[in-house]
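Visitor: Sequence first, then the predicted structure:
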Amino acid sequence: MPHKNLSIFILLCAFLSCIVSASAEMWHDDFDTENPDAWDAVGKRFIWKINDGFLRVEVKREWEIDYELYQFTAIPGPYRNFIIKINDFGGDKTRFGFCVGQHFSDTPGDDPFFYIFFPDEIRARRFDGKGHSHPFRFRLSREPRIRWETDTLTQMELHFNLGYFVLFADGKFRTAFQDANFDKIEILGFVMEGINIANEWVGQAWADSFTISGLDIIPEAKLTALWSQLKRR
């Protein structure tokens, strides 16, 4: 191989190595374009849109949705340590949040247990991401029963470490709690709450950007993240 080509090859390998290393630590999405390799609309896909640099979601009364999931898939789980930052996050007359979920073998049915971080509160729910939910009857949730008067946030920041949750809102500490059963997270994603027993939520919501960092990623997940990043370029 000529020296020039060899140098180019070495530089390319170094560049790819840097990308893999970055992917092992962080994933960022500005929601400038659709990215089916990074996100999966599990239920009713039509409510989720990428538009004008935002993830946008809309519900209408006639659509009869309950809990719809926009799941993060760029880096496969489980996730044991991470920091999530979501910028310009909230909605108008909606129930829009970010959820972390896990399956439990001792809970009847297949619906995972989720903590949902809304801009104004934290709620625990069981749902399948396809519009169906079930009540809690077999497991006690640990989230603080606090509500804040914040329908939108400039930034939400969630720290997770082996069952410990720490939440910041607009740069300020908001709350912390522990659930020892949540030693790992299997599902991450945005969630829109629609029609339920007591309320009908109708409106629009949005998120400007999403970042997850601090991940410990196995080699197979590195390749998945790298491939997804390269396809977007």
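Guide: Received the coordinates, thanks. Residues are numbered from 1 along each chain as shown.

Visitor: can I assume Arg147 is in contact with Glu121?
Guide: Yes - assessed by CB atoms under 8 Å, Arg147 is found in contact with Glu121 at 4.6 Å. The C-beta positions use only the backbone N, C-alpha and C, and glycine is treated the same way.

Visitor: okay, those two: which has more neighbours?
Guide: When Arg147 and Glu121 are compared for neighbours, Glu121 comes out ahead with 17 against 10, by other CB atoms under 10 Å.

Visitor: how near is that one to Gly43?
Guide: Using CB to CB, to the nearest Å, we find Glu121 at a distance of 22 Å from Gly43.

Visitor: Next up, the contacts around the residue lying closest to Lys184 once chain neighbours are set aside.
Guide: In space, not counting the residues next to it along the chain, Lys184 is nearest to Pro78; the distance is 4.0 Å by CB to CB, 6 or more residues apart in numbering. By CB atoms under 8 Å, 6 or more residues apart in numbering, the residues touching Pro78 are 184-186.

Visitor: what's the answer for Leu188, then?
Guide: Leu188 is in contact with 71-72, 77, 79, 84, 98-101, 212, counting by CB under 8 Å, 6+ apart.

Visitor: Buried among those residues? Make that a ChimeraX selection.
Guide: Only the buried entries of the contacts of Leu188 go into this ChimeraX selection, using 16 or more other CB atoms under 10 Å:
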select :71,72,77,79,84,98,99,100,101,212
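
Visitor: Now flag whichever of the contacts of Leu188 is closest to Glu157.
Guide: Among the contacts of Leu188, Ile84 lies closest to Glu157 (CB to CB), at 7.0 Å.

Visitor: any idea which element the closest one lies in?
Guide: Assigned by DSSP states H and E, Ile84 belongs to strand 81-92.

Visitor: same deal with Asp40?
Guide: If you go by DSSP H and E, Asp40 is part of strand 39-41.

Visitor: was I right about Gly194 contacting Glu62?
Guide: No - look at Gly194 against Glu62 with CB under 8 Å: they stay out of range, at 10.8 Å.

Visitor: Good, we can wrap up now.
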